[in-house]
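Chemist: mind folding the following:
(one chain, ligands or ions: 1)
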Amino acid sequence: MHDKTLKQLADALAARQISSVELTGLYLDRIKRFDPQLNSFITVTESQALAQAAAADAARAAGKAVALTGVPIAHKDIFCTQGVKTSCASKMLDNFIAPYNATVVEKMNAAGLVMLGKTNMDEFAMGSSNESSFYGPVKNPWNTAFVPGGSSGGSAAAVAARLAPAATGTDTGGSIRQPASLCGITGLKPTYGRVSRWGMIAFASSLDQGGPMAQTAEDAALLLNVMAGFDPKDSTSTHIDVPDYTATLNDSIEGLRIGLPKEFFGEGLDADVEQCVRDAIREYEKLGAKVVEISLPNTHLSIPAYYVVAPAEASSNLSRFDGVRFGYRCNDPENLEALYKRSRGEGFGEEVKRRILIGTYALSAGYYDAYYLKAQKVRRLIKNDFDAAFANVDVIMGPTAPHAGFKLGEKAANPVALYLSDIYTIAVNMAGLPGLSLPAGQSNGLPVGLQIIGKHFAEARLLNVAHRFQQATDWHLQIPAAFA
Ligand code: GLN
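Modeler: Numbers count the residues shown, from 1 in each chain. Have a look, this model is predicted:
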């Protein structure tokens with residue numbers, strides 16, 4: 001059963017070939033058996049999952065089942081889950097039990113999905129390798145000496161190893177797409193505002209967006225149907241109607257205009273990754289698409305601008321962790337000042353502190369114009385590049401990441417090398433656009449992802465374009481041998 005997609009599991013439940021309690025038990029057993037090798041979960045909510053599954057079975061028996069009733073899922077440990085530890089992989093929140101559910105979790109619960117547990121991640125979603133977690137690194141199921149990507153590395157590894165049929169993730173600069181690429185799964189970062197951020201612990205509020213991480217585009221469409229929509233509790237969520245994302249999956253892509261930005265195929269791109277991406281594009285041409293060379297001339301500015309904007313917003317968001325209101329508090333502080341300093345000093349990890357320092361500096365009175373304001377102007381230039389490109393193409397394609405997985409520890413001592421992992425994903429967040437990564441090949445036994453970028457609110461188109469590729473290829477069906 002664990003080799004089935006979310007869609008197939010939903011069908012099996014509907015056909016009463018298996019109950020939700022049996023299915024949930026099967027995944028809980030897999031987590032027990034395999035997760036010690038991967039460390040992809042921070043918390044496994046076994047008894048709660050079995051109770052939710054029993055309720056789903058009862059709902060089905062009463063004729064009240066909907067599309068995903070009884071299907072198990074895992075949530076990134078950045079989403080608040082009522083009564084369950086919500087740590088954001090930080091010592092700061094190691095003792096934090098969320099008093100409410102994030103809107104995404106609430107919607108999933110209402111749709112009858114069963115939560116298996118909370119997945120590991122980079123601390124406060126800052127990272128690209130899952131090595132900054134307080135709970136230790138996650139391993140890539142394709143080769144446990146390699147990183148799974150980050151920050152949603154636990155979700156990506158769990159889905160790749162089929163310890164969960166699907167999971168939620170969040171993406172501020174690439175954290176859904178890059179780990180999806182490195183673990184060989186399908187991940188979608190929706191348009192900014194498409195999915196509510198309420199109850200999702202904030203990193204950089206103008207960039208953060210939750211989305212599905214799944215085996216296939218069809219599974220991601222089913223999950224986005226549940227996750228998307230306006231939320232009065234999130235002032236940046238939009239009123240735009242949510243279509244049925246599964247309805248257009250099979251639409252023809254004959255004549256689809258694919259833009260290939262020349263900046264995505266230059267220096268720094270691994271040759272094997274380039275080959276996989278070019279092969280995938282050729283597959284699209286066979287399916288009737290047309291390739292257009294385009295330029296996104298400000299791509300090289302996206303990382304420097306992001307590393308001003310994101311830390312600035314993070315420094316502000318993380319000021320709430322003060323040892324008083326939430327989470328970790330140091331022992332025996334001498335006075336109030338020491339309480340703040342020591343709680344934050346002891347509770348946050350190194351990368352988080354680095355971001356807070358950079359962000360506070362960029363926002364300080366003397367440097368605001370030179371850094372923060374300038375970065376916001378660059379952000380507009382990046383968006384303008386995409387607007388100009390989308391005047392002539394329907395989607396943009398390229399690599400998700402410049403490389404396949406790298407070894408644990410390989411880039412840990414060099415933050416800038418790690419930051420470059422998001423060279424092709426960050427601009428998409430800066431422009432608020434939707435982006436999807438799907439498995440498109442392998443390099444030395446490690447998966448390689450193809451990124452597809454769409455216009456604002458073009459998620460249905462992205463999922464359609466990805467689904468057509470998955471109808472013609474089988475990269476998305478590969479399971480790492482040790483977990484088959
Ligand atoms: N790797 C990027 C960072 O460290 C993006 C992380 C994310 O998308 N949450 O900030």
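Chemist: can you pull the phi/psi pair for the nearest residue to residue 363 once chain neighbours are set aside?
Modeler: The shortest distance from residue 363 to any non-neighbouring residue, by CB to CB, 6 or more residues apart in numbering, is to residue 312 (5.1 Å). Quick note: C-beta positions are derived from backbone N, CA and C, even for glycine. With angles defined as degrees, to the nearest 10, residue 312 sits at phi -60, psi -50.
Chemist: so what's residue 312 up against?
Modeler: 204, 359, 362, 363, 371, 372, 375 (CB atoms under 8 Å, 6 or more residues apart in numbering).
Chemist: so which bits of the host helix or strand of the last one are buried?
Modeler: Looking back up the chat, that one is residue 375. Here residue 375 sits within helix 374-390, counting by DSSP states H and E. Within helix 374-390, the residues that qualify as buried are 374, 375, 378, 379, 382, 383, 385, 386, 389, 390, counting by 16 or more other CB atoms under 10 Å.
Chemist: as TSV, those residues with distance to residue 342 and pLDDT would be great.
Modeler: Shown next, in TSV, are the buried residues of helix 374-390 (distance: CB to CB, whole Å; pLDDT from 0 to 100):
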residue	distance to residue 342	pLDDT
374	35	96
375	32	97
378	37	98
379	36	98
382	39	98
383	41	98
385	45	98
386	45	98
389	49	98
390	50	98
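Chemist: closest one of those residues to the ligand?
Modeler: Of all the buried residues of helix 374-390, residue 375 has the smallest distance to the ligand: 14.0 Å, by CB to the nearest ligand atom.
Chemist: right, and the closest one touches residue 302 too?
Modeler: No. Contact between residue 375 and residue 302 fails when scored by CB atoms under 8 Å: they sit 10.3 Å apart.
Chemist: for the helix of greatest length in the chain, the averaged confidence score.
Modeler: As assigned by DSSP state H, the longest helix anywhere in the chain is helix 20-38. In this model, helix 20-38 has a mean pLDDT of 98.
Chemist: moving C-terminal from it, which element do we reach first?
Modeler: strand 41-44.
Chemist: tell me which strands and helices that following strand is in contact with?
Modeler: Counting contacts by 3 or more CB pairs under 8 Å, 6 or more residues apart in numbering; DSSP states H and E, strand 41-44 packs against helix 20-38, strand 114-119, helix 153-160.
Chemist: partners of that strand in the sheet?
Modeler: strand 114-119 (antiparallel) (DSSP bridges).
Chemist: now the angle from the partner strand to helix 20-38?
Modeler: 10 degrees (axes from the mean of the first three to the mean of the last three CA atoms, to 10 degrees).
Chemist: touching the ligand at all, strand 114-119?
Modeler: No. Taking CB under 6 Å from any ligand atom as the criterion, strand 114-119 and the ligand are apart, separated by no less than 13.6 Å.
Chemist: got the CA positions of the helix holding residue 375 in PDB?
Modeler: What follows is helix 374-390, C-alpha atoms only, in PDB (Å, rounded to 0.1, in the frame of the first residue of the first chain):
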ATOM      1  CA  LYS A 374      17.600  49.300  -1.700                       C
ATOM      2  CA  ALA A 375      16.700  45.600  -1.400                       C
ATOM      3  CA  GLN A 376      13.000  46.500  -1.800                       C
ATOM      4  CA  LYS A 377      13.800  48.400  -5.000                       C
ATOM      5  CA  VAL A 378      15.700  45.400  -6.300                       C
ATOM      6  CA  ARG A 379      12.800  43.200  -5.500                       C
ATOM      7  CA  ARG A 380      10.600  45.300  -7.800                       C
ATOM      8  CA  LEU A 381      13.200  45.000 -10.600                       C
ATOM      9  CA  ILE A 382      13.000  41.200 -10.200                       C
ATOM     10  CA  LYS A 383       9.200  41.200 -10.400                       C
ATOM     11  CA  ASN A 384       9.400  43.400 -13.500                       C
ATOM     12  CA  ASP A 385      11.700  40.800 -15.100                       C
ATOM     13  CA  PHE A 386       9.100  38.200 -14.700                       C
ATOM     14  CA  ASP A 387       6.300  40.400 -15.900                       C
ATOM     15  CA  ALA A 388       8.200  41.200 -19.000                       C
ATOM     16  CA  ALA A 389       8.900  37.500 -19.600                       C
ATOM     17  CA  PHE A 390       5.300  36.400 -19.000                       C
END
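Chemist: name the next helix or strand downstream of it, please.
Modeler: Trace forward from helix 374-390 with DSSP H and E and the next one is strand 395-399.
Chemist: which strands and helices sit next to that following strand?
Modeler: Using 3+ CB pairs under 8 Å, 6+ apart, the elements in contact with strand 395-399 are strand 257-261, helix 271-286, helix 374-390, strand 446-453, helix 459-472.
Chemist: which bits of the stretch 101-250 of the chain sit near the ligand?
Modeler: Selection of the stretch 101-250 of the chain residues close to the ligand by CB under 6 Å from any ligand atom yields 125, 126, 127, 128, 151, 171, 172, 173, 174, 175, 203.
Chemist: what about the host helix or strand of residue 11, distance to the chain center?
Modeler: Assigned by DSSP H and E, residue 11 falls within helix 6-14. In this view, helix 6-14 has its centroid 23 Å away from the chain centroid, taken as CA atoms, centre = their mean, to the nearest Å.
Chemist: next, the buried residues of it.
Modeler: Within helix 6-14, the residues that count as buried by 16+ other CB under 10 Å are 6, 7, 8, 9, 10, 12, 13.
Chemist: next, format those residues as JSON lines and append distance to residue 35 and pLDDT.
Modeler: Formatted as JSON lines, the buried residues of helix 6-14 follow (distance: CB to CB, whole Å; pLDDT from 0 to 100):
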{"residue": "6", "distance to residue 35": "20", "pLDDT": "98"}
{"residue": "7", "distance to residue 35": "24", "pLDDT": "98"}
{"residue": "8", "distance to residue 35": "23", "pLDDT": "98"}
{"residue": "9", "distance to residue 35": "20", "pLDDT": "98"}
{"residue": "10", "distance to residue 35": "24", "pLDDT": "98"}
{"residue": "12", "distance to residue 35": "24", "pLDDT": "98"}
{"residue": "13", "distance to residue 35": "24", "pLDDT": "98"}
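Chemist: also near the ligand: which of these, exactly?
Modeler: Counting by CB under 6 Å from any ligand atom, no member of the buried residues of helix 6-14 reaches the ligand.
Chemist: touching the ligand at all, the helix or strand of the chain with the lowest mean pLDDT?
Modeler: Evaluated with mean pLDDT, DSSP states H and E, the helix-and-strand set of the chain has its lowest mean pLDDT in helix 415-419, which scores a mean of 90. No. Helix 415-419 lies out of reach of the ligand by CB under 6 Å from any ligand atom, never closer than 6.7 Å.
Chemist: give me the residues contacting that helix.
Modeler: 127, 128, 129, 303, 307, 351, 354, 411, 412.
Chemist: before we move on, the earlier item: which of the helices and strands packed on strand 395-399 is buried the deepest?
Modeler: strand 446-453 (a mean of 28; mean count of other CB atoms under 10 Å).
Chemist: tilt between that strand and strand 257-261?
Modeler: Strand 446-453 runs at 110 degrees relative to strand 257-261, counting by the same axes, to 10 degrees.
Chemist: what average pLDDT does strand 446-453 get?
Modeler: Mean predicted lDDT for strand 446-453 stands at 98.
Chemist: no more questions from me, cheers.
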